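J.: no sequence on this one, just coordinates:
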């Protein structure tokens, strides 16, 4: 039990320190001081700083996935637009700053993207999002594009939809106006992107189903 408490304490401390300083600027001693633990404990539980960092990133991803319901209010009779809006709402919920005055979410998103584009990125870190994406978004894209069955067109459409959402995540890192600072703005963004994505997919369907 003591070992488990120490491990959890180190992970929580590392999460705070990495969030504030990033990977490169953080030292193992910084984490030790925050966790009131020694270097040997970090090595024992996590191996090294990089492995500990990956555990922290995995924790952040899991928090983002479980912190927002991407099927909120959805029932068996919900329309395809309602299902898409619930998904978009859930994605953008993790960007909200009105309940995060220190903007820790924004800092975490920056570090997650840095890891995602790194050459030695561990794909397992983002597997939880890929699974939800495949379970919820892919069927929506397929349904809107039906009766198109060309997998290349469906895949490209899926990438395009994901890209639109990801771009907003990137935008808030550098542009404050992209932040979602109120519940009202979250509702607006969910409506706006749902309309944009739905219209785009219907246009793709019209163009390629006619061919």
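T.: Looks like it arrived, so ask away. For clarity, every value in this text was computed on a predicted model and none was experimentally measured.

J.: Can you pull out the residues in contact with stretch 185-197?
T.: Under the criterion CB atoms under 8 Å, 6 or more residues apart in numbering, residues 81, 84-85, 88-89, 92-93, 96, 161, 164-165, 168, 180 lie in contact with stretch 185-197. All C-beta spots, glycine's among them, are computed from the backbone N, C-alpha and C.

J.: So residue 120 belongs to a helix, correct?
T.: No: under DSSP: H, G, I helix; E, B strand; the rest coil, residue 120 falls outside any helix and is assigned coil.

J.: Phi and psi next, for it.
T.: phi -110, psi 30 (degrees, to the nearest 10).

J.: Could you tell me which of the contacts of stretch 185-197 count as buried?
T.: 84, 85, 88, 89, 92, 93, 96, 161, 165, 168, 180 (16 or more other CB atoms under 10 Å).

J.: export those to TSV and tack on secondary structure and distance to residue 138?
T.: TSV is the format used below for the buried ones among the contacts of stretch 185-197 (DSSP: H, G, I helix; E, B strand; the rest coil; distance: CB to CB, whole Å):
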residue	secondary structure	distance to residue 138
84	helix	12
85	helix	17
88	helix	15
89	helix	18
92	helix	19
93	helix	20
96	strand	25
161	helix	10
165	helix	14
168	helix	20
180	strand	25
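
J.: okay if I get these as CSV plus distance to residue 14 and pLDDT?
T.: Converted to CSV, these look like this (distance: CB to CB, whole Å; pLDDT from 0 to 100):
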residue, distance to residue 14, pLDDT
84, 36, 97
85, 36, 97
88, 32, 96
89, 31, 94
92, 27, 91
93, 25, 88
96, 24, 84
161, 34, 96
165, 28, 92
168, 28, 87
180, 27, 88
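
J.: Can you pick out the most distant pair from the residues you listed?
T.: For the buried ones among the contacts of stretch 185-197, the farthest-apart pair by CB to CB is 96 and 161; their separation is 21.0 Å.

J.: And the contacts of stretch 185-197, which two are furthest apart?
T.: Longest distance between any two of the contacts of stretch 185-197 is 22.2 Å, between 81 and 96; criterion CB to CB.

J.: doesn't residue 198 fall inside a strand?
T.: No: counting by three-state DSSP, residue 198 falls outside a strand, being helix.

J.: wait, residue 92 sits on residue 180?
T.: Yes: using CB atoms under 8 Å, residue 92 makes contact with residue 180 at a distance of 6.1 Å.

J.: now the strands: where do they sit in the protein?
T.: For the chain, applying DSSP state E gives no strands.

J.: Near residue 10, how many residues? Count them for me, please.
T.: Residue 10 is flanked by 24 other residues according to other CB atoms under 10 Å.

J.: which residues touch it?
T.: Listed by CB under 8 Å, 6+ apart, the contact set of residue 10 reads 31, 35, 37, 41, 42, 45, 46, 52.

J.: Try it again at 7 Å.
T.: Residues counted as contacts of residue 10 (CB atoms under 7 Å, 6 or more residues apart in numbering) are 31, 35, 37, 41, 42, 45.

J.: Residue 93 now?
T.: By CB under 7 Å, 6+ apart, the neighbours of residue 93 are 67, 68, 186.

J.: in stretch 148-162, what's buried?
T.: For stretch 148-162, by 16+ other CB under 10 Å, it's 148, 153, 154, 157, 158, 161, 162.
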